[in-house]
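**Student:** sequence first, then the predicted structure:
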Amino acid sequence: MSTLRQCVILVGGAGTRLGDIARDLPKPLLPVAGRPFLEWLLIKAARHEFTDVLLLAGHKADAIDAYLANGDLGRRLGLSIDVSRETSPLGTGGALVQAADRLDSAFLLVNGDTWFDFDWRALAEAEDFDAILSLKPMANPDRYETVAIDGATVVGFHPRGAAGPALINGGAYRLKRAVVGAITAPASLERDVLPKLAAQGRLGARAFDAPFIDIGVPDDYAAASALISGADTIGQPAADQGGYP
């Protein structure tokens, strides 16, 4: 089994549901617990022994470039950080297509607006499907689509509004590059790609009962700082020194 080293992060979100909060920045650069949200994801990637990060940028991509240019974050974290920029809106699936020649044969893909504090390495080293979806058990998943599984295989997706406990898409995936080769851009990973893989029996799942938050709505964005500051696997950097744990 080869060790997967590439972490790809979707950072093109416009944050339309956040209104004025995201007026000047892409969602992943919004401040959370004293740092841009993306920075916490990069720290977590380094903690889980990824060495190469590819950021898939779209909306306000210049801000992503400026953020990286203003510091030596990659050196401090031991990460090689590169950016793929959309020239027109391609969707989450299309962003992968555009970056296909920069993808490893298998890689971890993470949503740039979601904090799911499980061991990313446990998902990265699974190899039994062409694509593997992380799942979060939710007691009240009303604002999320839910996922139906049969053992370790995803068999379907259900619309928002489910009552009672269910599993939701946790926003982290292990993908083989061959999956990307079958995508026609523009495309949504969630709406176009994953349901097709599930219908073909090629989409696996792993459930992790770990802290989770999606910063895409104001209430959850407001709650994210407390959740991340108290996360056991990441800790709080020493802000006065600019260092990392």
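**Tutor:** Received it, and whenever you're ready, just let me know what you need. Since the structure is predicted, the reported quantities are computational estimates derived from the model, not experimental observations. Numbers count the residues shown, from 1 in each chain.
**Student:** show me the helices in the chain, by range?
**Tutor:** Taking DSSP state H to define them, one finds helices in the chain at 37-47, 61-69, 73-77, 91-98, 120-124, 177-181, 194-199, 218-229.
**Student:** so where is the chain shaky, pLDDT-wise?
**Tutor:** Applying pLDDT under 70 to the chain picks out residues 1-2, 231-245.
**Student:** if we use 80, what do you get?
**Tutor:** Counting by pLDDT under 80, the chain contains low-confidence residues at 1-2, 13, 15, 230-245.
**Student:** and the lengthiest strand in the chain, what other elements does it pack with?
**Tutor:** When the chain is parsed with DSSP state E, its longest strand is strand 166-176. Packed against strand 166-176, as judged by 3 or more Cβ pairs under 8 Å, 6 or more residues apart in numbering; DSSP states H and E, are the following elements: strand 106-111, strand 114-116, helix 120-124, strand 131-138, strand 146-150. Yep, even glycine has a C-beta here, placed from its N, CA and C like the rest.
**Student:** mind redoing it with 6 Å?
**Tutor:** Identification of packing neighbours for strand 166-176 by 3 or more Cβ pairs under 6 Å, 6 or more residues apart in numbering; DSSP states H and E yields strand 106-111, strand 114-116, strand 131-138, strand 146-150.
**Student:** out of those, flag the one nearest Ile43.
**Tutor:** With Cβ to Cβ as the criterion, Ile43 lies closest to strand 114-116 of these, at 11.4 Å.
**Student:** what's the closest one packed up against?
**Tutor:** The elements that strand 114-116 packs onto, with contact taken as 3+ Cβ pairs under 6 Å, 6+ apart, are strand 166-176, strand 212-214.
**Student:** which one of those lies nearest to Leu54?
**Tutor:** Once the helices and strands packed on strand 114-116 are compared by Cβ to Cβ, strand 166-176 is nearest, at 12.3 Å.
**Student:** give me the angle between that closest one and strand 131-138.
**Tutor:** Relative orientation of strand 166-176 and strand 131-138, computed by axes from the mean of the first three to the mean of the last three Cα atoms, to 10 degrees: 160 degrees.
**Student:** and the contacts of strand 166-176?
**Tutor:** Contact with strand 166-176 is made by 106, 108-111, 114, 116, 123-124, 126, 130-138, 141, 144, 146-147, as judged by Cβ atoms under 6 Å, 6 or more residues apart in numbering.
**Student:** identify each buried residue in it, please.
**Tutor:** For strand 166-176, the neighbour count (16 or more other Cβ atoms under 10 Å) marks 166-176 as buried.
**Student:** using CSV, write out every CA atom in that strand.
**Tutor:** Taking Å, rounded to 0.1, in the frame of the first residue of the first chain, the C-alpha atoms of strand 166-176 are listed here in CSV:
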residue,chain,number,x,y,z
ALA,A,166,-28.9,10.0,9.7
LEU,A,167,-25.5,10.2,8.0
ILE,A,168,-24.4,13.3,6.1
ASN,A,169,-21.6,14.0,3.7
GLY,A,170,-18.7,15.1,5.8
GLY,A,171,-16.9,17.0,3.0
ALA,A,172,-13.7,14.9,2.9
TYR,A,173,-13.1,12.3,0.2
ARG,A,174,-10.4,9.9,-1.0
LEU,A,175,-10.5,9.9,-4.8
LYS,A,176,-8.5,8.2,-7.5
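**Student:** let me have the helices of the chain in a markdown table, extended by mean neighbour count.
**Tutor:** Converted to a markdown table, the helices of the chain look like this (neighbours: other Cβ atoms under 10 Å):
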| stretch | mean neighbour count |
| --- | --- |
| helix 37-47 | 22 |
| helix 61-69 | 15 |
| helix 73-77 | 16 |
| helix 91-98 | 22 |
| helix 120-124 | 20 |
| helix 177-181 | 17 |
| helix 194-199 | 18 |
| helix 218-229 | 16 |
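**Student:** any chance of those in TSV with distance to Val53 as columns?
**Tutor:** What follows is the helices of the chain, written out as TSV (distance: least, Cβ to Cβ, whole Å):
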stretch	distance to Val53
helix 37-47	6
helix 61-69	10
helix 73-77	8
helix 91-98	15
helix 120-124	12
helix 177-181	16
helix 194-199	23
helix 218-229	18
